[in-house]
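>>> fold the stuff below for me.
(chains A and B)
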Amino acid sequence: MKKNRNQSASGGWCTLRVLTFKKTLRMLRLVLFCFFLSLANVMAIDSYSQMTRLSLKVENDRLENVLRTIENKTEYFFLYNRDLVNVEQKVGIDAQDRTIKEILDNLFKGTDISYDITNRQIVLSSKQVSNYLATQQRTITGTVTDEQGNGLPGVSIAIKGKSLGTITDPAGKIRISATSQDILVFSFIGFKTKEMSVGSSEVMNVVLEAEVQQLDELVVTALGISRQSKALPYNTQTIESTELTAIRDPNNVMNSLQGKVANSLITQGSGGVGDDARIVLRGNSSISGNNNALVVVDGVPNSRGVNINPEDIETLTVLNGSAAAALYGSSAGNGVLVITTKKGSKEKASVSVNSGMTFNNPFSLPKFQNQYGQGMNGNLDATNGNNWGAEMNGQEYTNMQGEKRKYSPQPDNVKDFFDRAILLNNTVSIQAGGEKAQGYLSYTNTKNDGIVPGNSLLSHNVNLRLTTTITPKFSTDAKITYYTGSVRGILRAGEGNTSVLDIYQIPRNMSLSDVKKFETPDAFGVPKPAPFPSTLASRYQNPYWIVNYDRTDDKRSQIFGFVSVKYEFTKWLSLKARANIDKYSVVSERRTNQGTVDWATRPGGYYSISHSNSLSQWYDVTLDGSNDLGESFKLDYHVGGIFQDGQYEQTSVTANGLNVANKFSINFATTPVPSSSSTHVQTQSLFGLANLSYKGMLYFDASLRNDWDSRLPSPHAYQYYSLGGSAILSEILEMPASISFFKLSGSYAEVGNGGQFGLLENTFSYSAGTANGYISRSQTYSIPGLKPEIVKSKEFGVEIKFLRNRLSLNGTYYHSNSMNQLLTIAMPVATGFSRQYINAGNIQNKGVEIILSGQPIAKKDFNWTVDYNVAFNKNKVIRLSEGLDVVYQGSFADWGGRPQVAVGGSFGDIVATKWARNDKGQFLVTDQGLPIASGKVGQQPSLIGNFNPDATMGLTNTIQYKDLSLRILMDGRVGGVAISGTEMNLSYSGLTESTLPYREGGWVLGGLNTSGQPVNTAISSQQFWQTVSGKRHGTGEFYAYNATNFRVREISIGYSLPVPNYFFIKSAEISLVARNLFWLYRGKSKLDIPGLKKRTMWFDPDITYGTGNTFKGIEYGMPSTRSIGVNLHLNF
Amino acid sequence: MNCLHTMIKLRVFLMVFLTATAITSCTDDFSEINSDPNSLTQIGPAELPFLFTTAQDVVNWGGQVEQNLFADQYAQYVANNASYFPTDQYEIEMDWARTVWENHFVGALPQLQSIMEKTEPTSGEYALALLWTVYSAHRVTDYWGPMPYFSAGIPGKSVPYDSQDKIYDDFFKKLDEAVTVLKGMSGKNVFGNYDIIYGGNVDKWVKFANTFRLRLAVRISAIDPSRAKTEAEAAYTSGVFEVSPDDDALALNSIQDVNSISQMSEWNEFRMSATMESVLKGMNDPRLPVYWLPAKNTGTFEGLRNGLNSVQLAEPQNSVKANSHIGPRWTAPISGGVSDYLTTPSNVMCTAEAYFLRAEGALLGWNMGGTIKELYEAGITHSMHQWGITDQSVIDAYLASTATPIPPDDYLHSPALSDVPVLFNTSVQSIQLEQIALQKWIALFPDGMEAWADYRRRPTIGLYPVANSNNPDIPDPNKQYIRRLPFLTTEYQSNKEATEEAVNLLKIKEDKISTPLWWDTH
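This next block holds a predicted model:
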């Protein structure tokens, strides 16, 4: 986008040049040159003079014409004073493939002219004069002003190439000694750096242009349309690509956004490396559907955006609200992440290499007790997995494997199970190009190991982008990306014999080396599980068995790319057409050995293989126009059509039972059971978008879109629109000097979503089984009159920049209502259906987002910037449906709590069973003194809190000192609850730290019995925890935590290694990065249990049981990770 | 650039644009796109047999959450030994009980109603669907009492419950209707091998329907004696089960849908009850090693009292290895079972039950085609045959045995369950009744659902009180035992008013586990 701007600027330059206003020309060239400089921080400029070769044949022509010819053929431009240099003289030259030096030496041979090449600027002077001047230090005076003519104090003036310099005085006056050969560099925060040759001048009045880059920042909006940030009637936030690459989360690029995107909630699934991350913007609104933000790559929605290599990302823009996303239609109601990938550039050829190595280890493991070992009721029992046994005092016992052991604590047996995972990634990218064609090529490989043994990811990503300008009017852009990845040892979520939950449950007295003895051969040499003291033999076994003999591996490949063509009819009207195809395939295999508890229930073992393929096609045509309407008004408009087709199919074959034990192929299956599923959705759309601007100070936006959606009943069509406007008050009104920019904006938008595939009719399905198999009617009642979902939202924003942009404030208020939601609700089962789809509801989200950025210190060598974002979201369920007040999600059975959506409540409310209380709030206990769960006295599960935070925030401090940079990101959330399924399970077995007190009994909870009499019976820790836990079916309230937490999310230290000019490496940057360093604060358990201290939340609420709606707010299993790594970035 | 050239290009692009627009309005094939090739939206005659298989198989005989953790415990066939399961202590887990409800209403009923919609009431397919509707529903009503019945299967916001007496009345009518149709088709085959119980044999279905009708008649014998007599005699006259194993109703299983008991047996979460131990051990019952395996630790048959709490279960005597695992036909070879244990057919209804029903009917003075003693002994004999005990001398010895139940020597030092022997008492009616009840209880195994219902109707054998009750409805288990399941939480949520209304259909208008059902007069 920045390059577009350059092109138009150089276009303007061309026309001026014809007019040969030399002075203007020279100034323009200077400005342009400086602009180039400001863009290219480490461009390969110096190599230009060595690399550029040209051929020139001139006979007896004016020197000025020859200089023009050189300017046309190269990027050089000449600067000279006509009074001193005779450009009217005739010269001649015949040179083939020579460097500029050779040509100029030849050309000026025998003349009075000397030259000096600095970058692409060639200064000509008279030898005589220059010799004279060169020896002369002169005092240069003058004034540095801004564009309004105000003197700028404190502007740094440096003599290029020399360690000399000064600053302007309070009035902006210059006073510096220099020679005519010197170039002065004027730099000042908030303004573009400017370089000027001293030449023969003695007085230099310099006008510095305000650094308009930020104000005029171009933002890639819906459908890849680049627009000026100030013209947008809604808020956007752009994340610099360096923030994604410098401190990357090796698992998923989405995780790198944590704390940086205002009002976002990013959670990582618990499946280990290769698992999904989800990002929710501005709160949840869809009850049964998807709340995750849509990822758009190069203008096209990409459901699998995760396979993008961060190095290939040019910009990432977050469009939080639906106004911004309205043009994307379906599923854009949750906000959009717009990713633009890199293109080749015509200016330079360059190669860059990035290598990163990261170490991961567990960040939040459960807190274990290390005092009591295996057994029950205080007695040592080596066959029992529970840890309610005797105190561990080193006494001798015989373990389950028949070996004598000391009965003593093994405090690190869980920690040591986890690997220190090494994650490597390498990227090489090359870009090159000329006027007509530019290319970008990158290759990335990633080898990530998970912290659980056997879990790893290996992937390759090749990306090629080709842009061409066939004629000035006709251009093309094409990209193809191929990704292939293999994930081994994918972790199962939850607790059904998963390696992580199994390792948590090993007895406290069992050494890891004993746990590693997990198998013995049977009579045929087939491994069978070695005796292991499980806490629940039907469900849990030795974790090493799971790691080795219960594996799920995926092979994924994706090929996606697009071709787009653009034709400019006139300067103001162009047509763009694009075809985008994304094909994603996954082959997933599960190999479960005979003997695996809970899964391989038939002889021989269990094997399944599934092939899934998705093909997304997108075609669009857009007519883009821009017209000036009179002097003050300008109209930009886009009209077009989109054709989208998405197909998904999966076929799988499952074999529970293999004729030859542990031979994992369908050929060995006892009874292979095939199944297939597919979905197909097509949408066709017409849209229009218009933007009217008045003198660059007032903007008005409107868009309209009509969709035809195959998921809806005939006539399949629906419409939605957006309206918005913005006013740049700083352009309209006189503002105090301290305010450099002031914008107000507002918008209203509706976004529709077509629902789901195949809901219009009741269906029957077949499944294999006894006799000839079964046909049964779907339990879900169809919705023949399906309506599209609509999100209606309004938003108001203010953006203010102070003190020449050193301080900026960006505030947004938004209010959105999600209507006609497609819900599945429970139906009375007696109807013959258990669920039905309805269109219902009005879920409201409103909130405020504030982004503050400041630059407390802005010196040449020392820069300190602070970015802070904070957001508050309030969700309210206003209406569901006639006679429907609550929709339950998930089930109570296993997880201690369950989300519900109830009128008057909020999305994310969790209901749980509680410790029963009487009317006065006093705890109820049994006559034995044990807590009574609310369900046992007829109380329904009730609200325990909401898993969503009330506020989220992130604070980034970036300090730059010379070549060293330091960045610290702290983030946090306030409010919300999380329930720990892990702790519920472990406390039952006496494993957690909180089970230590009252092992010997003597614990009086107090409380009343159901007849209202006080009970003072003493209980023991075992009785208490086994009562409240129930192992997998516990009373949620005992395990609920306040999820408020703050942490140091990221620290990075970067250093730009000094690289000599002549070296083939142009720049080198090394950075040390660390993520999830340590907690600053964590919330405590919700319930105040008499006799116990409140527990601090030990787990990381960023990791959830699953990334879907059902299990949000429930922790079960996987710990999050802390990573420390080093990253090296080289440019050639 | 050439002007003509530009014009051509412009026209090409306009054409592309217009074509795209034209495609956009093409929605003709949308309904095809939106239909799933992997499922059916229409069903016809070819699909009906598959629906019947589904309806049969969905009744999950012996399923863990449906039956093992409720009825099988409450009939005291099995005792829970997993400390994390609370139902043996009368704590009702609604999410488990819900499965029974759902198996009927969304598992069986939609398929059966679809068959009845697509067939004539005079057809065999219709008759079998009707019969199976009653069979499936009776398992639900005998758990809860009132249930949605007459309006079941109609989509809407709520479905009213019906009282159990009206439901039973309709059961008899429907069975009569089904038998009339099926009798007219004697010798024919309906549904062929899609019928996983009798392979489509209509005559066997007639016997099944009549035996089932007899079961229901005896069920209401205390609350409605005259209707019970009429229905029972009609059923008997029409022909009930006579020979085991020929007539026994067994449902086939496959490797995809294994026997529910076999599926869970290796989880080691239940063991033989102390009640079983007292009875089978005491009477030297030859079925003991068929039903149970010796305990790992001792090599003897050992049982647990029902309702032990987690602390009690942690005692070595109550451990998994110190007690008897279910018998070999449901057990993996590694634990002493058979290799094809997973596909062992499920026990649906046995011939022995027909004889015990008749014996009890005869005791009530009904015409049941035999003396009480004959029928009692035939019940035992056919039960022995059913379980593969065919040596007549063994059976005769058992029939003549005066051995009585013994104290099981369990953790709670329980007394002997009863003092009645196998040998039929020819004089005292109350002893005869207890003998019939006890032998029927043994013979019904592993159908805890029927055994619990039978016990509640006539608690003659006096099962042990559960060791602990966590349920406030029954504070003292020595005084009360569980009589039904409370209405489901999900019903109170999704079918609220109808469920609240249904409480009034109960005999005592309290939705408690202590509330007796309509036919339960105790």
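>>> who does the residue lying closest to B:Q493 once chain neighbours are set aside form a beta bridge with?
Nearest non-adjacent residue to B:Q493, counting by CB to CB, 6 or more residues apart in numbering or on different chains: A:A826, 6.5 Å away. For glycine as for every other residue, the C-beta is placed from the backbone atoms N, C-alpha and C. Counting by DSSP bridges, A:A826 is bridged to A:R835.
>>> how many neighbouring residues does A:A826 have?
18 (other CB atoms under 10 Å in any protein chain shown).
>>> what's in contact with stretch A:761-769?
Applying CB atoms under 8 Å, 6 or more residues apart in numbering or on different chains, the contact partners of stretch A:761-769 are A:673-675, A:773-778, A:781-782, A:784, B:35-36, B:38-41, B:43, B:47, B:50, B:53, B:57, B:254, B:256-257.
>>> specify the local secondary structure of the residue in the stretch 151-300 of chain B that chain A sits nearest to.
When scored by CB to the nearest CB, the stretch 151-300 of chain B has B:W267 as its residue closest to chain A, at 3.3 Å. Classification of B:W267 using DSSP: H, G, I helix; E, B strand; the rest coil returns coil.
>>> so who does A:P170 touch?
So A:P170 contacts A:G151, A:P153 (CB under 8 Å, 6+ apart).
>>> re the thing from before, identify those among the contacts of stretch A:761-769 that sit within helices.
Counting by DSSP state H, the contacts of stretch A:761-769 place B:F50, B:T53, B:D57 in helices.
>>> give me the pLDDT value at whichever residue of the stretch 301-450 of chain A sits closest to chain B.
At 3.5 Å from chain B, A:M376 is the closest residue in the stretch 301-450 of chain A, using CB to the nearest CB. Note for A:M376: predicted pLDDT of 88.
>>> hmm, A:Q1026 and it touching each other?
No: under the criterion of CB atoms under 8 Å, A:M376 is not in contact with A:Q1026, lying 9.6 Å apart.
>>> who has more neighbours, those two?
A side-by-side neighbour count of A:M376 and A:Q1026, using other CB under 10 Å, places A:Q1026 first with 27 against 24.
>>> so that one sits in a helix?
Yes: residue state for A:Q1026 (three-state DSSP) corresponds to a helix.
>>> residue contacts, it?
A:Y988, B:S83, B:S310.
>>> so what's the closest residue in space to the second one that isn't next to it in sequence up against?
Counting by CB to CB, 6+ apart, B:S310 is the residue found nearest to B:S83 once chain neighbours are left out, at 3.7 Å. The contact partners of B:S310, by CB under 8 Å, 6+ apart, come to A:Q1026, B:S83, B:Y84.
>>> I'd like these as a markdown table, with pLDDT appended.
Converted to a markdown table, the contacts of B:S310 look like this (pLDDT from 0 to 100):
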| residue | pLDDT |
| --- | --- |
| A:Q1026 | 90 |
| B:S83 | 79 |
| B:Y84 | 81 |
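>>> any idea which of those residues is closest to A:L689?
A:L689 has its nearest neighbour among the contacts of B:S310 in B:Y84, at 59.4 Å by CB to CB.
>>> any idea how far that closest one is from A:G375?
Spatial separation of B:Y84 from A:G375 under the definition CB to CB, to the nearest Å is 17 Å.
>>> and the gap between the residue nearest to B:S83 and A:Q960?
For B:S310, the distance to A:Q960 - CB to CB - is 62 Å.
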